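# I'd like to go over a predicted model; first the sequence, then the structure.
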Amino acid sequence: MNHSNFATPDSARITLAVDCMGGDHGPSVTLPACRAFLKRHAQAYLLLVGMPANLAALSSHPRARIVPASQVVSMDDSIETALRKKKDSSMRVAIQQVKDGAAQVAVSAGNTGALMAIARYLLKALDGIDRPAIATQMPNTKGDATTVLDLGANVDCDAEELLQFAVLGSALVSALTGNESPSVGLLNIGEEAIKGSETIKKAGRLLRAAAQSQDLNFYGNVEGNDIFKGTTDIVVCDGFVGNVALKAVEGLASMIGRFMRTEFSRSIFAKFAAIIAYPVLSAVKRRFDHNRYNGAALLGLRGLVFKSHGSANERAFGYALDRAYDAARNNLLDRVRVRLAHAAPLLARPANAADPETGAPAF
């Protein structure tokens with residue numbers, strides 16, 4: 001299809017490239033989510049990437065266009081397979097649309113490792129960023145959400161990379177919420193600056209220096225429970241810790257859901273107790289429903305890419321599309337570049353440069 005009103009690029013138009021084949025469910029989830037998304041956003045356009053025969057249900061929509069791709073990256077494919085053997089995958093073609101300027105953002109529910117590898121290969125990292133990070137929102141008891149990064153892209157991180165994550169997270173939150181000075185917490189085993197590994201203590205010094213130069217609004221060290229208390233807008237950590245926290249939230253919502261289903265099938269006393277507890281449990285389940293916060297940003301690239309849960313249902317994938325749309329509409333990439341440029345003196349510190357607080361050489 002080639003609708004005339006979709007043939008010419010328009011700088012004011014927000015276009016998403018959607019990997020419709022990725023994830024556990026593929027088009028059975030992504031297409032209904034895309035249809036609902038187009039109803040919610042009258043100015044949005046979609047590039048539906050995948051096998052045309054599977055995407056025919058939206059082929060006649062005036063704000064959707066099919067972009068053919070003959071291969072699919074499976075959830076079990078290795079990074080090497082995704083990069084070298086599946087060069088016409090729906091995931092890669094979707095990201096290529098961003099590189100070519102046909103779309104402002106790509107969205108996929110596919111293999112996380114493959115998505116990050118392909119995105120890094122095609123889009124490259126921004127100046128001042130060593131390794132891109134994955135950032136998403138986690139619900140907190142304030143009824144809002146805390147942005148946490150990294151969530152698994154980088155298992156081992158040095159202090160400079162944690163500083164980079166803080167800058168990237170600040171740009172993301174400011175783009176999505178309008179808060180130009182979001183607070184940043186460094187995840188640690190205690191609030192005191194003397195606690196934690198040498199990497200964490202050095203990261204704390206770098207973050208305090210960034211606060212002094214007004215590059216960041218650094219709150220200080222935070223602990224794991226602060227994520228859910230909403231102590232800070234952003235929590236920075238390495239990918240191992242962040243991924244564990246994410247899975248814990250998903251597990252909590254799942255556990256509450258199972259409890260609510262099973263207790264009603266037990267004894268009369270259990271049923272009575274479950275009925276009394278149901279309103280409270282329902283409220284907790286809604287608050288910690290990870291589907292509401294679906295859509296993780298791959299930050300630090302020369303283009304916008306968002307990752308959906310692989311097991312996302314239609315509702316959850318719709319949230320990922322919404323989050324990607326908001327990021328593009330609010331110029332997330334430009335905000336990232338501005339913050340990186342301002343923080344460049346700190347981000348580009350050469351090896352063995354002086355400690356930002358003490359002036360002593362760092363070896």
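Nice, thanks for sending it over. These numbers were taken from a predicted model, which means no experiment stands behind them.

# how close does Leu16 get to Leu304?
9 Å (CB to CB, to the nearest Å). (Glycine included, C-beta is placed from N, CA and C.)

# pull up the overlap in contacts between the two.
Listed as contacting both Leu16 and Leu304 by CB atoms under 8 Å, 6 or more residues apart in numbering are 104-106, 324, 328.

# now, these that are in helices?
324, 328 (DSSP state H).

# relative to Pro32, which of the shared contacts of Leu16 and Leu304 is nearest.
Nearest to Pro32, judged by CB to CB, of the shared contacts of Leu16 and Leu304 is Ala324 at 17.0 Å.

# close enough to count as contact, the closest one and Leu16?
Yes - applying CB atoms under 8 Å, one finds Ala324 in contact with Leu16, separated by 5.8 Å.

# shared neighbours of the two, anything?
Common neighbours of Ala324 and Leu16 (CB under 8 Å, 6+ apart) are 105-107.

# out of those residues, who's the most crowded?
Within the shared contacts of Ala324 and Leu16, Ala106 tops the neighbour count with 32 neighbours, counted by other CB atoms under 10 Å.

# how near is that one to Ala328?
For Ala106, the distance to Ala328 - CB to CB - is 10 Å.

# enumerate every residue touching the nearest residue to Lys142 once chain neighbours are set aside.
Spatial nearest neighbour of Lys142, excluding adjacent residues (CB to CB, 6 or more residues apart in numbering): Gly230 at 3.9 Å. For Gly230, the contact set (CB under 8 Å, 6+ apart) comprises 140-142, 144, 146.

# select only the buried ones of those in ChimeraX?
To isolate the buried members of these in ChimeraX, using 16 or more other CB atoms under 10 Å:
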select :140,146
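
# looking at the contacts of Gly230, which are in strands?
Members of those lying in strands (criterion: DSSP state E): Thr146.

# farthest pair within the contacts of Gly230?
Across those, the longest distance by CB to CB is 10.1 Å; it joins Thr141 and Thr146.

# burial count for Ala341?
Based on other CB under 10 Å, the number of other residues close to Ala341 is 12.

# swap in Ile194?
Neighbour number of Ile194 under other CB under 10 Å is 8.

# again, but for Gly196
Per other CB under 10 Å, the neighbour tally for Gly196 reads 18.

# now do Ile95
The number of residues near Ile95, taken as other CB under 10 Å, comes to 29.

# which neighbouring elements make contact with the strand or helix carrying it?
Here Ile95, judged by DSSP states H and E, is contained in helix 90-99. Contacts defined by 3 or more CB pairs under 8 Å, 6 or more residues apart in numbering; DSSP states H and E place helix 90-99 against strand 14-19, strand 44-50, strand 64-68, strand 105-108, helix 112-123, strand 304-307.

# looking at those, which is nearest to Leu216?
strand 304-307 (21.7 Å).

# can you list contacts of the closest one?
Residues outside strand 304-307 that contact it (CB under 8 Å, 6+ apart) are 95, 98, 104-109, 112, 115, 119, 123, 134, 295-298, 320, 323-324, 327-328, 332-333.
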